[in-house]
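*Asks:* 3D, please:
(chains A and B)
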Number of protein chains: 2
Amino acid sequence: MLKNTMSLGRKPLSEQVADILIEEVKSGKLNPGDRVPSETELGERLGVSRSTVREAVKQLVSKNIFEIHRGEGTFVCSNVGVSSDPLGFQFVSDRKKLALDLCEIRSIIEPWIVRKAAENATEEDIRQMEKLCCDVEAMIAKGKNHSDPDIKLHKLWAECTGNSVAPNLIPVLLQSIPLFIDVTGGALTEPTITTHRRITDAIRRHDPAAAEEAMRDHIAFNRQAIERLPVQDF
Amino acid sequence: MLKNTMSLGRKPLSEQVADILIEEVKSGKLNPGDRVPSETELGERLGVSRSTVREAVKQLVSKNIFEIHRGEGTFVCSNVGVSSDPLGFQFVSDRKKLALDLCEIRSIIEPWIVRKAAENATEEDIRQMEKLCCDVEAMIAKGKNHSDPDIKLHKLWAECTGNSVAPNLIPVLLQSIPLFIDVTGGALTEPTITTHRRITDAIRRHDPAAAEEAMRDHIAFNRQAIERLPVQDF
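*Replies:* Just a heads-up that it's a prediction; the model follows:
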């Protein structure tokens, strides 16, 4: 069937296969983190060659829908469809201004996020937040880069808003964290620990105003540390 | 030189060529909207084959850095590095909730944007805004889809903040506009015209509070119209 439509001068076969696989992700037949069936299996099911399947998979990898884990196979991305640099920040040449501008946008959105999180968070959400606070603190104690649990914590707060856009947006706006931890060399670890805990405590008490205030302080510490750094450190 | 590093088991040649072209965009040697030199010209300059250049260009197209205009050649994208669906919204199945969630995020960011725009906008910015208001109104009068000048107007307000992230973010959050115009079939045109004008007038008077209030009304009209629509219309 795919071949027939192709002969009518429609989309290339590999794109048709890619469209079918995208539909399977949308419909939940394939879910984030799932292993994608092998080229042979897909080729047989769809009646196309392995090389056509390979080309389709390549297209989906370039669109951040699938990812290849070497030696393990092909998987549906956990953040499906979201690229590692979705807003093209690699093309902003003034890195210090970019870091400050990201802080400014965060200072608009994240106080609202933690206010909503303080209203909505479940017991299980709060347990997860406390665990992530511990993870950040453990990484800091070991002198390791804590950006991974740090971003997860901010993303969890965003998930608690119930808004489906916020958890996709926050990791994009927090891109500066790894950059930032590198350049400050840990100078900001104490205020990070303290304000993360203050935000989480306020959410546990379901106190939106306190959560918002703690988030404002958290971002202010970030901004001040960035402002102190010379441009060449970015 | 490229070939030598390749023989040492480094990145594939086409990726090295792609990296060089990315550097030329970053450094401003190639700018958004520029025509990219031909495969032959690039191949000769970099000492690689045309097919290697072609593979590199393909990679850059898939990363939204270059775009091919059929019959005209290859160009640097105007929104370089920003994909058409950077946050993976195509994978959100509840379209009505997505449209409402986008409204909610806009209601956090855009009042701040127009407040800053009212502080910063130049005479030239304001002339541009008034022209875009006219463009939206002309499209509406002709019964055409006005999402293109509409998004440009919101992007221009975001540019007036001086924040480099906001103008990249706003078109992403306004993705719902084309969708929305299709489903409402023009029901929202009158409030759109009126509130765009109110925002622009407030910015011209450099009145941040009035600009913010008009934007809150603008987004509220959008949200109410979305809420009234049945789920199956999305």
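*Asks:* next SSE after the lengthiest helix in chain A?
*Replies:* Assignment by DSSP state H gives helix A:95-120 as the longest helix of chain A. Per DSSP states H and E, the first helix or strand lying C-terminal to helix A:95-120 is helix A:123-141.
*Asks:* Now do whatever helix or strand comes next after that next one: which elements does it pack against?
*Replies:* Next helix or strand after helix A:123-141 toward the C-terminus (DSSP H and E): helix A:147-159. Packing partners of helix A:147-159 (3 or more C-beta pairs under 8 Å, 6 or more residues apart in numbering or on different chains; DSSP states H and E): helix A:95-120, helix A:123-141, helix A:166-173, helix A:176-184, helix A:189-204. To be clear about C-beta, it is placed using only N, CA and C from the backbone, and glycine gets the same treatment.
*Asks:* Serialize those to a markdown table and add fields for distance to B:Ala211.
*Replies:* Putting these into a markdown table (distance: least, C-beta to C-beta, whole Å) gives the following:
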| stretch | distance to B:Ala211 |
| --- | --- |
| helix A:95-120 | 15 |
| helix A:123-141 | 36 |
| helix A:166-173 | 24 |
| helix A:176-184 | 28 |
| helix A:189-204 | 31 |
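*Asks:* need those helices in JSON lines with mean neighbour count, distance to chain B and mean pLDDT, can you?
*Replies:* Converted to JSON lines, these look like this (neighbours: other C-beta atoms under 10 Å in any protein chain shown; distance: least, C-beta to the nearest C-beta, whole Å; pLDDT from 0 to 100):
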{"stretch": "helix A:95-120", "mean neighbour count": "21", "distance to chain B": "5", "mean pLDDT": "95"}
{"stretch": "helix A:123-141", "mean neighbour count": "16", "distance to chain B": "18", "mean pLDDT": "95"}
{"stretch": "helix A:166-173", "mean neighbour count": "22", "distance to chain B": "4", "mean pLDDT": "91"}
{"stretch": "helix A:176-184", "mean neighbour count": "19", "distance to chain B": "10", "mean pLDDT": "64"}
{"stretch": "helix A:189-204", "mean neighbour count": "19", "distance to chain B": "18", "mean pLDDT": "93"}
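*Asks:* quick revisit: show me what the longest helix of chain A is packed up against.
*Replies:* helix A:147-159, helix A:166-173, helix A:176-184, helix A:189-204, helix A:208-228, helix B:95-120, helix B:166-173.
*Asks:* I'd like to know which of these is closest to B:Val76.
*Replies:* Of all those, helix B:166-173 sits nearest to B:Val76, with 15.7 Å by C-beta to C-beta.
*Asks:* Tell me what angle the closest one forms with helix A:166-173.
*Replies:* 150 degrees (axes from the mean of the first three to the mean of the last three C-alpha atoms, to 10 degrees).
*Asks:* quick check, helix B:166-173 touching chain A?
*Replies:* Yes. Using C-beta under 8 Å from any C-beta of the partner chain, helix B:166-173 reaches chain A at B:Ala166, B:Asn168, B:Leu169, B:Val172, B:Leu173.
*Asks:* out of those, which one sits closest to chain A?
*Replies:* Checking these against chain A by C-beta to the nearest C-beta gives B:Asn168 as the nearest, at 4.4 Å.
*Asks:* so who does the closest one touch?
*Replies:* The neighbours of B:Asn168, taking C-beta atoms under 8 Å, 6 or more residues apart in numbering or on different chains as the test, are A:Leu87, A:Gly88, B:Asn79, B:Val82.
*Asks:* what do you get for A:Val36?
*Replies:* Contacts of A:Val36 (C-beta under 8 Å, 6+ apart): A:Leu21, A:Leu30, A:Leu42, A:Val57, A:Phe66, A:Gly73, A:Thr74, A:Phe75, A:Val76.
*Asks:* which residue packs closest to the third one, ignoring adjacent ones?
*Replies:* Translated: A:Leu42. Leaving out its chain neighbours, the residue that sits closest to A:Leu42 by C-beta to C-beta, 6 or more residues apart in numbering or on different chains is A:Val53, at 4.7 Å.
*Asks:* Count residues in the vicinity of that neighbour, would you?
*Replies:* Residues lying near A:Val53 (other C-beta atoms under 10 Å in any protein chain shown) number 26.
*Asks:* can you check A:Val76 too?
*Replies:* 20.
*Asks:* show me what contacts it?
*Replies:* With contact set as C-beta under 8 Å, 6+ apart, A:Val76 has these partners: A:Val25, A:Leu30, A:Asn31, A:Pro32, A:Gly33, A:Asp34, A:Val36, A:Ile65, A:Phe66.
*Asks:* Make CSV out of those and add secondary structure, pLDDT and distance to A:Asp201.
*Replies:* Formatted as CSV, those follow (DSSP: H, G, I helix; E, B strand; the rest coil; pLDDT from 0 to 100; distance: C-beta to C-beta, whole Å):
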residue, secondary structure, pLDDT, distance to A:Asp201
A:Val25, helix, 91, 38
A:Leu30, coil, 93, 39
A:Asn31, coil, 89, 34
A:Pro32, coil, 85, 31
A:Gly33, coil, 88, 32
A:Asp34, coil, 93, 37
A:Val36, coil, 95, 42
A:Ile65, coil, 90, 39
A:Phe66, strand, 93, 40
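*Asks:* So which of the contacts of A:Val36 sit within helices?
*Replies:* Those of the contacts of A:Val36 lying in helices (DSSP H): A:Leu21, A:Leu42, A:Val57.
*Asks:* hang on, the second one packs against A:Ala18?
*Replies:* No. Using C-beta atoms under 8 Å, A:Leu42 is not in contact with A:Ala18; the gap is 11.1 Å.
*Asks:* for the helices and strands packed on helix A:95-120, which one sits closest to A:Ala138?
*Replies:* Per C-beta to C-beta, nearest to A:Ala138 of the helices and strands packed on helix A:95-120: helix A:147-159, 8.4 Å.
*Asks:* wait, which of the contacts of A:Val36 is closest to chain B?
*Replies:* For the contacts of A:Val36, the nearest to chain B is A:Val76 (10.0 Å; C-beta to the nearest C-beta).
*Asks:* Check the burial of the residue nearest to that closest one when sequence neighbours are not counted by counting its neighbours.
*Replies:* Spatial nearest neighbour of A:Val76, chain neighbours left out: A:Asp34 (4.8 Å); criterion: C-beta to C-beta, 6+ apart. Neighbours of A:Asp34 under the rule other C-beta under 10 Å: 15.
*Asks:* go on, the one 5 residues further on?
*Replies:* Burial of A:Glu39 is recorded as 18 neighbouring residues (other C-beta under 10 Å).
*Asks:* I'd say it and A:Ala56 touch.
*Replies:* No. Using C-beta under 8 Å as the test, A:Glu39 is too far from A:Ala56 to be in contact (9.5 Å).
*Asks:* Cheers, nothing more for now.
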